[in-house]
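Q: Curious how this folds, go ahead:
(2 chains)
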Amino acid sequence: MSEEFTVKIGPPWLTRYEKARIIGARALQLSLGAPPLVPVEELGLKDPIEIAAVELRYKLLPMVIRRWTPGGRYQDIPLKYLEVR
Amino acid sequence: MAEKVTVEVARALLEPYAHVLPERLAEEVVRKVVEAGLTVDEARKVVDRVVLEYMRSLVEPGEAVGMVAAQSIGEPSTQMTLRTFHFAGVRELNVTLGLPRLIEIVDARKTVATPIMEVYLEGEYARSREKALEVARELELTTIENVSRAITIDYVDYAIIIELDPEMLENRGVKPEDVVKALNRIKGKKGSVELDGLTVVFRTGLDDAVKLRRMYDRVRALRVRGVKGIKRAIVRYDEKLGEYKIITEGSNLVAALSIEGVDHRRTISNNIYEVAEVLGIEAARALIIREMKRVLDEQGLDVDIRHIMLVADAMTMTGRIRQVGRHGVAGEKPSVLARAAFEVTVKHLVDAAVRGEVDELKGVVENVIVGSRVVPLGTGMVKLMMLTEVGSGSASQTQK
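A: All right, here's what the predicted structure looks like:
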């Protein structure tokens, strides 16, 4: 994958639905015992949802979003290419 | 001392965003940037900012726009009064407005309750009232009945005797000869027409009283001048445009557009089917939007135009007009389960089974029925996957 990655489907940032979905999915993992990717104690975090939010903000999550169109086109977009707002 | 942007440079700056920014907006940016006398660097910043703001203002993928549009039009509709209004001032020309009209538009009725044409005029026809009246006369349907004082049947000679009214002839701009000409068109082989002053004697040459009677009715409604279907044509002065235009009761676009003096670019009917047929589907889409907006504005209801545009798009996207009925947009809904959820459940299911239909569970209703906890909307339509090897983009991906 070259550095010249462009987002072809949708905006070059996370939509609110994507954000919610990512945080939700990650929070579920955390609640089931997955090790956090941020120093939880230092940050004083307890709530898995809050931890997931922080992880997302620092783009620590190894995730890919598959943006698709009703026409069947799709593009896999690694999180690092999407702005988190 | 940086150089100022020119129109060409500004256009070039916007070029990469041609597929993002609508043309009209891009042109406006170009104009404003040049007007303000910005430097190239400043202009680039402005362009970037405009593009960003534009993209931010778009709906996000996953938003239930159809549902929002339906509610945004539906709720105000409940506030509408059922009254039909009259056209302000001019000889009580009726126009269906309010809920009945809205239903008419959305149902895509082939015939509308009050067909109206707005006929715009060209050149001097638009500037002079006299000239406009000429066109109006050409439009307004004049039948023999309209210009006669009396029409009688002579059962002895099998003739129809028409006494013309000079005043009405004058009003309608019709000469007695026109009446004769019209009658000549229908007289047949045996018939003959004679003109004596203001009396026209039409010897039908028929030999049956019943047929004569039928001919009498036909003669009364015979077109002498004007366009079929146009009951009345009223000349009005358009204050905003500063020109005369004609409003007609009844519509016949094809005929109206070919009349001398009529501006075919702006003339429009309120019959969506007619417009789609004569002017094309894009014109029909624009008309749906305009008519719905007008109805809602009339009632003082503020509905965002984009909701209406969505409805118009859905109705016209196949190239022909489809109605939005009780089942949604006609022909939509490929899902059996969604259809079965609405009405006559068993019939839908049996029919689908007979035809061997497949339900792809793409819609909301189907997913609710089968009990999946996500519906393909908003958060539910985000497809998330995990990179199993952190950092390497080509790592194998597994569905999460």
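
Q: start to end distance for stretch B:355-363?
A: Start and end residues of stretch B:355-363 are separated by 20 Å (Cα to Cα, to the nearest Å).

Q: mind listing the strands in chain B by residue range?
A: Using DSSP state E, the strands of chain B run over B:116-120, B:142-143, B:148-154, B:159-164, B:192-196, B:199-203, B:223-225, B:232-238, B:243-249, B:268-269, B:324-325, B:328-329, B:383-387, B:397-399.

Q: Quick one: closest of those strands to chain A.
A: Set against chain A and scored by Cβ to the nearest Cβ, the strands of chain B come closest in strand B:383-387, at 3.8 Å. (C-beta placed from N, C-alpha, C; glycine too.)

Q: what does the average pLDDT come to for the closest one?
A: For strand B:383-387, mean pLDDT rounds to 86.

Q: Show me what counts as buried in stretch B:120-134.
A: B:120, B:121, B:122, B:125, B:126, B:131, B:132, B:133, B:134 (16 or more other Cβ atoms under 10 Å in any protein chain shown).

Q: And for stretch B:110-120?
A: Within stretch B:110-120, the residues that count as buried by 16+ other Cβ under 10 Å are B:112, B:114, B:115, B:116, B:117, B:118, B:119, B:120.

Q: give the contact list for the fifth one.
A: Contacts for residue B:117 (Cβ atoms under 8 Å, 6 or more residues apart in numbering or on different chains) come out as B:230, B:246-248, B:250-253, B:256, B:267-270.

Q: again with residue B:22
A: Contacts of residue B:22 (Cβ under 8 Å, 6+ apart): none.

Q: measure it to residue B:46 for me?
A: Distance, residue B:22 to residue B:46, using Cβ to Cβ, to the nearest Å: 17 Å.

Q: Could you do residue B:142 as well?
A: Applying Cβ to Cβ, the value for residue B:142 to residue B:46 is 60 Å.

Q: which of the two has more neighbours?
A: Higher neighbour count among residue B:142 and residue B:46: residue B:142, with 23 against 18, using other Cβ atoms under 10 Å in any protein chain shown.

Q: ok so, going back, among the buried residues of stretch B:110-120, which one lies nearest to residue A:54?
A: Closest to residue A:54 out of the buried residues of stretch B:110-120 is residue B:112 (60.0 Å), distances taken as Cβ to Cβ.

Q: and the gap between that closest one and residue B:177?
A: Per Cβ to Cβ, residue B:112 is found 36 Å from residue B:177.

Q: what's the answer for residue B:284, then?
A: Residue B:284 sits 41 Å away from residue B:177, taking Cβ to Cβ as the criterion.

Q: May I see the contacts of residue B:117 organised as CSV, with distance to residue B:355, pLDDT and neighbour count added?
A: Below are these laid out as CSV (distance: Cβ to Cβ, whole Å; pLDDT from 0 to 100; neighbours: other Cβ atoms under 10 Å in any protein chain shown):
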residue, distance to residue B:355, pLDDT, neighbour count
B:230, 47, 86, 23
B:246, 53, 89, 26
B:247, 50, 88, 18
B:248, 48, 89, 26
B:250, 44, 87, 20
B:251, 41, 87, 25
B:252, 43, 89, 21
B:253, 41, 90, 22
B:256, 46, 88, 25
B:267, 46, 91, 22
B:268, 43, 90, 22
B:269, 40, 91, 26
B:270, 40, 90, 22
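
Q: show me which of the residues you listed neighbour chain A.
A: Among the contacts of residue B:117, proximity to chain A is found for none (Cβ under 8 Å from any Cβ of the partner chain).

Q: which one of these sits closest to residue B:30?
A: Distance to residue B:30 across these (Cβ to Cβ) is lowest for residue B:268, with 31.0 Å.

Q: In this structure the closest one contacts residue B:274, no?
A: No - counting by Cβ atoms under 8 Å, residue B:268 stays clear of residue B:274, with 9.8 Å between them.
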